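Trainee: here's a sequence, model it:
(one chain, ligands or ions: 2)
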Amino acid sequence: METYKEFTFEAAHKLEPYSGLHGHSFKVSVHLVGEPDPVYGWAANLYEVEQQIAVVHKTLDHTYLNEIDGLSVPSLENLAKWIFDKLSETTLTVDRVEVKRGPDGQAEGCVYSPRAAA
Ligand SMILES: Nc1nc2c(c(=O)[nH]1)N=C([C@H](O)[C@H](O)COP(=O)(O)OP(=O)(O)OP(=O)(O)O)CN2
Ligand SMILES: [Zn+2]
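Mentor: Ligands and ions are numbered 1, 2, ... in the order given. Coordinates of the predicted model:
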């Protein structure tokens, strides 16, 4: 079974030499795996997921990403891995993290899925 939770955040970044300081709306999907709960069928209880994601959201939202520990080069890919690693330090079993930026239809993004690569 797989359960997922999406969240959005607003942040500034720069990615030298490709872009100077500017901002984005980011959309994140966190996919969690696990044996289905025998009663509820879920891979993860979304109440617990939301609590853990709230910590990550607070760390990222309305910030300058380059100043966050571990995000000095905040490409989409490094950001997805950073979110995966932060959430993997909790009780959650994260399968993959997708990060998108830009308006629907023109969005660009990436998926960090280390289990698939292993
Ligand atoms: N695989 C990736 N390639 C690139 C990334 C990335 O995160 N992953 N990032 C960049 C630079 O940030 C590039 O300058 C993109 O700038 P950005 O403003 O973030 O995006 P756009 O150029 O598309 O501008 P919009 O504001 O979204 O129109 C390069 N490559
Ligand atoms: Zn950007």
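
Trainee: right, and the helix or strand after the helix or strand hosting residue 28?
Mentor: Element membership for residue 28, per DSSP states H and E: strand 19-33. Using DSSP H and E, the helix or strand that follows strand 19-33 in sequence is helix 46-60.

Trainee: just the angle between that following helix and strand 19-33, please?
Mentor: Between helix 46-60 and strand 19-33, the angle comes out at 170 degrees (axes from the mean of the first three to the mean of the last three CA atoms, to 10 degrees).

Trainee: rewinding a little: chain center to the strand holding residue 28: distance?
Mentor: Strand 19-33 sits 7 Å away from the centroid of its parent chain (CA atoms, centre = their mean, to the nearest Å).

Trainee: show residues contacting that strand.
Mentor: Identification of contacts with strand 19-33 by CB atoms under 8 Å, 6 or more residues apart in numbering yields 1-14, 43-44, 49, 53, 60, 64, 79, 83, 87, 92-102, 107, 109. For every residue, glycine as well, the C-beta is placed using N, CA and C.

Trainee: can you tell me which of those are buried?
Mentor: 3-5, 7, 9, 11, 13, 43-44, 49, 53, 60, 79, 83, 87, 92-101, 109 (16 or more other CB atoms under 10 Å).

Trainee: circling back to that earlier point, so does the strand holding residue 28 get close to ligand 1?
Mentor: Yes. Judged by CB under 6 Å from any ligand atom, strand 19-33 comes into contact with ligand 1 at 19, 22.

Trainee: host element of residue 83?
Mentor: Residue 83 belongs to helix 76-88, assigned by DSSP H and E.
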